[in-house]
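1. quick check, what structure comes out for this input:
(chains A, B, C and D)
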Number of protein chains: 2
Amino acid sequence: MKWTDLDDNWCPVARTLSLVGDRWTLLILRDCFLGMSRFEQFVSSTGATRHLISDRLKRLVDAGILEKQSYSERPKRYEYVLTEKGQEFAPALVAFKDWGKKHLPVRRASLG
Amino acid sequence: MKWTDLDDNWCPVARTLSLVGDRWTLLILRDCFLGMSRFEQFVSSTGATRHLISDRLKRLVDAGILEKQSYSERPKRYEYVLTEKGQEFAPALVAFKDWGKKHLPVRRASLG
DNA sequence: CAACACAGTTCTTATTTGGAACTTAAGGCA
DNA sequence: TGCCTTAAGTTCCAAATAAGAACTGTGTTG
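-> Numbers count the residues shown, from 1 in each chain, chains lettered A, B, ... in the order given. Predicted coordinates for the structure are as follows:
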């Protein structure tokens, strides 16, 4: 079974996962909440490939979670901003943040 | 970059995602919160392949989110139950559920 | 004109996943 | 005894997805 097949699952958690249930998508959303909005920012912040970022941004725009807004006419450039639907995803990321802070402390071995 | 490389990221959201940031892992956790605990249950409930379930359960046990408990000696059989660390993941799933309920209503076209 | 920035796209290779079949270890029963 | 069933995995190959690097288009800067 493919994960996109979950989009009409009876369970709202499954439906949500069919949309954002992948590492990079959620990382992009985190970046949006941190105030980022541009392609290059997502690339360097997440460490995902440009290909992936491109694909995930499209998905998020299609889903109405992000909105593509023009911020320059020449050359044509766009940025991605959270819609209200996207804003309302905040509690999930906060839950992830809290859980991570509590249960996955950073190993500082390499920071000497 | 591989997603498991996120495990020592500065961001707690990223660290959390390196562990559970994938569709099937979160679906398994949902099932655990719904009271499921056995391999075959996860297989039929999520629709993921046995291979995937096997892999994800191992990860979750390694991470201390699930605990493998013997429920039969002959034949040897195990079930997977949430640890306290796992229990504390509930708010994240609740956030997913709430968001899904509000923003991704089921299309009932096929239920007529 | 050459170099740079941004936002992608394209290409090839590597990794992950899907799907089905197989394994191991009993238990039921005819 | 032999055959079917259940449970929990493992193994195999083909298909899908991702990684990494290079390339494209469009315009600005020196």
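2. contacts for stretch A:69-81?
-> Residues outside stretch A:69-81 that contact it (C-beta atoms under 8 Å, 6 or more residues apart in numbering or on different chains): A:C32, A:S37, A:R38, A:F39, A:F42, A:L57, A:L60, A:V61, A:L66, A:E67, A:K68. Where you see a C-beta, it was placed from the backbone N, CA and C, and this is true even at glycine.
3. how about the closest residue to the fifth one other than its chain neighbours, secondary structure?
-> Take A:F42 and drop its neighbours on the chain: the residue closest to it by C-beta to C-beta, 6 or more residues apart in numbering or on different chains is A:I53, 4.9 Å away. Assigned state for A:I53: helix (three-state reduction, DSSP: H, G, I helix; E, B strand; the rest coil).
4. what about A:I53, neighbour count?
-> The local packing of A:I53 (other C-beta atoms under 10 Å in any protein chain shown) involves 23 other residues.
5. out of the contacts of stretch A:69-81, which end up buried?
-> A:C32, A:S37, A:F39, A:F42, A:L57, A:L60, A:L66, A:E67 (16 or more other C-beta atoms under 10 Å in any protein chain shown).
6. JSON lines please, covering these and showing pLDDT and secondary structure.
-> Shown next, in JSON lines, are the buried ones among the contacts of stretch A:69-81 (pLDDT from 0 to 100; DSSP: H, G, I helix; E, B strand; the rest coil):
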{"residue": "A:C32", "pLDDT": "98", "secondary structure": "helix"}
{"residue": "A:S37", "pLDDT": "98", "secondary structure": "coil"}
{"residue": "A:F39", "pLDDT": "97", "secondary structure": "helix"}
{"residue": "A:F42", "pLDDT": "98", "secondary structure": "helix"}
{"residue": "A:L57", "pLDDT": "98", "secondary structure": "helix"}
{"residue": "A:L60", "pLDDT": "98", "secondary structure": "helix"}
{"residue": "A:L66", "pLDDT": "98", "secondary structure": "strand"}
{"residue": "A:E67", "pLDDT": "97", "secondary structure": "strand"}
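7. out of these, which is nearest to DNA strand D?
-> A:F39 (10.3 Å; C-beta to the nearest atom of the strand).
8. wait, doesn't the closest one sit right on A:D55?
-> No - between A:F39 and A:D55 there is no contact under C-beta atoms under 8 Å: 12.0 Å.
9. just to revisit the earlier point, you'd agree the residue nearest to A:F42 is up against A:T25?
-> No - the criterion here is C-beta under 8 Å, and A:I53 misses it with A:T25 at 10.0 Å.
10. roughly how far apart are A:V20 and chain B?
-> A:V20 sits 8 Å away from chain B, going by C-beta to the nearest C-beta, to the nearest Å.
11. that residue contacts A:L66, doesn't it?
-> No - judged on C-beta under 8 Å, A:V20 makes no contact with A:L66 at a distance of 11.1 Å.
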